[in-house]
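K.L.:
with the sequence up front, the predicted model follows.
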Amino acid sequence: MTNQEMLQHVDHTQLKAFATWEDIQKLCEEAMEYNTASVCIPPCYIKRVHDMYGGRINICTVVGFPLGYSVTESKIVETELALKDGANEIDMVVNISDVKNGDYEAVENEIAALKKVVGDKVLKVIIETCYLTEEEKIAMCRAVTEAGADYIKTSTGFGTAGATLEDIRLFKEYIGPNVKIKAAGGVRTAEDLENFLKEGCDRIGTSSAISIVCGKDSNMGY
């Protein structure tokens, strides 16, 4: 797999709480130069990025991030505003408390509600694997599938651990045929990147891909 082929699967990410406009511009310029799949940015920067770069860049953002326990109505409003401002892809965090309480129906209903808002744009569902048992991960695979989301995503990058190859293999066994996989959190080497893609991930969320693949200095973190 060539460097360019790998970078085409990367959501080039900057989600730190103290991300500056200079950081976001750097991210966008790199994304265009290296043809990454998207930039994943905080909601407050969507309109500014869209106004500056327009259709030259695919904008991804996050909803209910990073803890997931905001109410569904709040996530719907976040999603509507993000799409209005110019986002094409939404990475939502499930209500992890609902998952831990075994209320999988509530989780599925929330995902479906956001997918209804997103429509033909892309919805990725972050289940935050580091907090879940295998049984809960399997239940989330089913909820994401039944709710009609486009991707299941491992992690926010802000939890106690990130993506593992074991979780990707588990996802492949239990997701439906129309659900793709995004790995995020802890992808820090070229070997990590290639291994996750070879294992079946369609997207990788990281800020490190360009630096690790191309040797370009980057200190944005994820």
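P.N.:
Sure, I can see it.

K.L.:
quick check: mean pLDDT across stretch 84-97?
P.N.:
Taken as a whole, stretch 84-97 carries a mean pLDDT of 98.

K.L.:
CA atoms only: put that stretch into CSV for me.
P.N.:
The C-alpha atoms that make up stretch 84-97 are tabulated as CSV, following Å, rounded to 0.1, in the frame of the first residue of the first chain:
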residue,chain,number,x,y,z
LYS,A,84,-25.9,24.1,7.9
ASP,A,85,-22.4,25.4,8.5
GLY,A,86,-20.9,23.1,5.8
ALA,A,87,-20.0,19.7,7.4
ASN,A,88,-20.4,16.6,5.2
GLU,A,89,-19.6,14.0,7.9
ILE,A,90,-20.8,13.7,11.5
ASP,A,91,-18.9,11.6,14.1
MET,A,92,-21.4,11.2,17.0
VAL,A,93,-20.6,9.7,20.4
VAL,A,94,-23.2,7.3,21.8
ASN,A,95,-24.6,7.7,25.2
ILE,A,96,-22.2,5.4,27.0
SER,A,97,-24.3,5.5,30.1
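
K.L.:
in the protein, where is pLDDT below threshold?
P.N.:
Applying pLDDT under 70 to the chain flags the ranges 216-222.

K.L.:
can you do 90?
P.N.:
1, 54-55, 186, 188, 207-209, 212-222 (pLDDT under 90).

K.L.:
wait, a helix at Cys44?
P.N.:
Yes. Counting by DSSP: H, G, I helix; E, B strand; the rest coil, Cys44 falls inside a helix.

K.L.:
next, count neighbours for it.
P.N.:
12 (other CB atoms under 10 Å). Any C-beta I mention is one placed from the backbone N, CA and C, and that applies to glycine too.

K.L.:
also Glu105?
P.N.:
Other residues near Glu105 come to 11 when the count uses other CB under 10 Å.

K.L.:
which residue ranges of the protein form helices?
P.N.:
Assigned by DSSP state H, the helices in the chain fall at 3-7, 21-34, 46-53, 72-85, 96-100, 104-118, 134-147, 165-174, 190-199, 209-214.

K.L.:
nearest to Val62, out of the ones you listed?
P.N.:
Judged by CB to CB, the one of these that comes nearest to Val62 is helix 72-85, at 8.7 Å.
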